[in-house]
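[1] Whatever this is, show me its structure:
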Amino acid sequence: MFRVEFSKYSDIMNKIMDEQTTLEVHLSAEYSQNVPKKFSDITPEEWAEYDFENGTEYSLNYYRNNKPYCEVLIDSMTISLSYYNDINFLKKDLMTCFSREI
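    This is a model prediction of the structure:
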């Protein structure tokens, strides 16, 4: 059985960030220090929906049997799937990318 969550793997921390930290990382990457006021109280789920509708970057992690299986990174140009190894490290060299048409 698969479970999905709005989260991102951090190469610096070598772990999957929680949804709130992932949201903060995406907002700072998208807007630097000038996050619009309309996003001040946004939830991770609302941000993922906004990203999907507007073609901005967001990430999802899929879990199989409660173990990280793959991270899906979606931006305006591509959809990338990176897979986890047996010790929950994201293997960026094992990746599938798709071009995205909008």
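
[2] Going by C-alpha atoms from here, please, whenever you check contacts or count neighbours.
    Will do.

[3] Just the element for Glu53, please.
    Secondary structure from DSSP states H and E places Glu53 in helix 44-54.

[4] er, Tyr62 I mean
    strand 58-64.

[5] Check which helices and strands that strand is in contact with.
    For strand 58-64, the packing partners by 3 or more C-alpha pairs under 8 Å, 6 or more residues apart in numbering; DSSP states H and E come out as strand 2-5, helix 44-54, strand 67-74.

[6] Can you check what angle separates the longest one from strand 67-74?
    Helix 44-54 runs at 40 degrees relative to strand 67-74, counting by axes from the mean of the first three to the mean of the last three C-alpha atoms, to 10 degrees.

[7] Run the chain-centre distance for helix 44-54.
    11 Å (C-alpha atoms, centre = their mean, to the nearest Å).

[8] Spit out the contact partners of Glu45.
    Contact analysis of Glu45 by C-alpha atoms under 8 Å, 6 or more residues apart in numbering lists Phe6.

[9] Any figure for the gap between it and Gln20?
    Noted for Glu45: a distance of 10 Å to Gln20, by C-alpha to C-alpha, to the nearest Å.

[10] Now do the longest strand along the chain, average pLDDT.
    For the chain, the longest strand by residue count, based on DSSP state E, is strand 90-99. Per-residue pLDDT values over strand 90-99 give a mean of 73.

[11] and if you look at stretch 65-80?
    Here the average pLDDT along stretch 65-80 is 87.

[12] Identify all contacting residues around that stretch.
    In contact with stretch 65-80 (C-alpha under 8 Å, 6+ apart) are residues 1-3, 8-9, 55-63, 81-85, 88, 90, 95-101.

[13] need the longest helix for this protein.
    When the chain is parsed with DSSP state H, its longest helix is helix 19-31.

[14] Tell me which other helices or strands that one touches.
    Under the contact criterion of 3+ C-alpha pairs under 8 Å, 6+ apart, helix 19-31 touches helix 44-54.

[15] Please identify the buried residues of the helix it packs on?
    Across helix 44-54, burial judged by 16 or more other C-alpha atoms under 10 Å covers 44, 47-48, 51.
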